[in-house]
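[1] Pasted the sequence and its predicted model underneath.
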Amino acid sequence: MKLSLPDLRTMKSQRRPIVMITAYDHPTGRIVDAAGVDLVLVGDSAANVVLGHDSTVPATMDEMTILTRAVSRGVEHALVIGDLPFMSYQVSDEEAVRSAGRLVKEGGADAVKLEGAGPSLDRIRAIVASGIPVMGHLGLTPQTATIKGGHRAQGRQAEGARALFADALAVEAAGCFGVVLEAVPPQVAEAISRRLDIVTIGIGSGAGTDGQVLVLHDMLGIRSSDGPQPRFVKHYAEVGDVMKGAVERYATEVRGGEYPAAEHTYSMPPQELEAFERAIGAGSIEENALADW
């Protein structure tokens, strides 16, 4: 059975931690859903993780729609949230609704996510009014990281923490069903989580939120670059090393003539082989091969 928004409220009220993870294609969507996660985010982090960019900013609506559609086809139980990329909702309410509608209608998402408060509050209200559930995102907001001084924790000073608290109340009032709190001091994140009726999902914000999210490739050790990773990333496996080792073994076997072996090929009835050899000319394939040597 598909997880619903009322289910999330129940989980919050019962203090049952909510598990959220990213996915960017059909196979990973199937895997994380089978693993029993509650929420699957098709994040604009795809720009960094799978498309080779240095930030989330280059992600386009076409790309996010394609990725969301692939993931949603593989997810049966979790709630799929499509990320609205940079400049797909900032210009106007109408464009925000149109972009959100694409992720739902074409991408198969159950909900969408967007960053910030302030001007984004009108966008949230417009999208919710159109019948599409919205998740907010506060704290470190990657799409606007430059204006906030880079990829650094937010709300570490009292004034900034108060502003963050007010923004969280505002996105709830605007109609969000939940909010991601990224790189926020644990005390601030917990205070927000206790005050809000909607669910809070933390990333680098401590254990006091209603749930946690990680980027799948980060937790699996599949690195797209050699740069430093955020301190909140925990490697649950080193799949990148396993993948590299497997490809190295494959390359070695191909170059050494070990692969493919007989068990990796398909047989042909002897009479059909003889008929084929007659059709292409004198001599069997084996004889021609020996002659070439």
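    On my side now, so go ahead.

[2] Now do the strands in this structure.
    For the chain, the strands defined by DSSP state E occupy 18-22, 39-42, 79-83, 111-113, 134-139, 178-182, 199-203, 211-214.

[3] Leu3 versus Gly175, what's the distance?
    19 Å (CB to CB, to the nearest Å). All C-beta atoms are positioned from the backbone trio N, CA, C, and that covers glycine.

[4] returning to that earlier point: would you mind putting the strands of the chain into TSV with mean pLDDT, mean neighbour count and distance to Leu8 alongside?
    Shown next, in TSV, are the strands of the chain (pLDDT from 0 to 100; neighbours: other CB atoms under 10 Å; distance: least, CB to CB, whole Å):
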stretch	mean pLDDT	mean neighbour count	distance to Leu8
strand 18-22	98	23	7
strand 39-42	98	30	8
strand 79-83	98	28	8
strand 111-113	98	25	10
strand 134-139	98	27	10
strand 178-182	98	28	7
strand 199-203	98	26	5
strand 211-214	98	21	9
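
[5] how about a markdown table for those, with distance to Ser224 added?
    Below are these laid out as a markdown table (distance: least, CB to CB, whole Å):
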| stretch | distance to Ser224 |
| --- | --- |
| strand 18-22 | 13 |
| strand 39-42 | 17 |
| strand 79-83 | 17 |
| strand 111-113 | 21 |
| strand 134-139 | 21 |
| strand 178-182 | 19 |
| strand 199-203 | 18 |
| strand 211-214 | 15 |
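
[6] so which of the ones you listed comes closest to Pro230?
    strand 199-203 (8.4 Å; CB to CB).

[7] List of residues touching that closest one?
    If you take CB atoms under 8 Å, 6 or more residues apart in numbering as the criterion, strand 199-203 is touched by 8-9, 11-12, 18, 20, 39, 135, 168, 177-184, 189, 192-193, 208-214, 232.

[8] what are the pairing partners of that strand, and which direction each?
    strand 178-182 (parallel), strand 211-214 (parallel) (DSSP bridges).

[9] domains of this structure?
    5-237, 243-292 (automatic domain parsing).

[10] Pick the most buried one from the ones you listed.
    domain 5-237 (a mean of 19; mean count of other CB atoms under 10 Å).

[11] Can you check the distance spanned by that one, start to finish?
    Distance across domain 5-237, first residue to last, is 31 Å (CA to CA, to the nearest Å).

[12] gap between that domain and the chain center?
    Taking the mean of its C-alpha atoms, domain 5-237 sits 9 Å from the chain's own mean (CA atoms, centre = their mean, to the nearest Å).

[13] picking up where we left off before, mean pLDDT lowest where, among the domains of the chain?
    Lowest mean pLDDT within these: domain 243-292, a mean of 87.

[14] so how far is it off the chain centroid?
    On CA atoms, centre = their mean, the centre of domain 243-292 falls 41 Å from the chain's centre.

[15] same check, this time on stretch 239-258
    On CA atoms, centre = their mean, the centre of stretch 239-258 falls 27 Å from the chain's centre.

[16] Could you list the residues in contact with that stretch?
    By CB under 8 Å, 6+ apart, stretch 239-258 touches 220-223, 259.

[17] How about stretch 57-71?
    23-26, 28-29, 40, 42, 44, 46-47, 50-51, 53, 80, 82-86, 88, 99, 102-103, 106-109, 143.

[18] sorry, back to before: distance to Arg278 added to the strands paired with strand 199-203, as a markdown table?
    A markdown table is the format used below for these (distance: least, CB to CB, whole Å):
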| stretch | distance to Arg278 |
| --- | --- |
| strand 178-182 | 69 |
| strand 211-214 | 62 |
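
[19] Relative to Asp33, which of those is closest?
    strand 211-214 (15.1 Å).

[20] returning to that earlier point: between the strands of the chain, which one is nearest to Leu121?
    strand 134-139 (9.2 Å).

[21] Tell me the strands beside that closest one, with direction?
    Within its sheet, strand 134-139 is paired with strand 111-113 (parallel), strand 178-182 (parallel), according to DSSP bridges.

[22] Alright, calling it a day.
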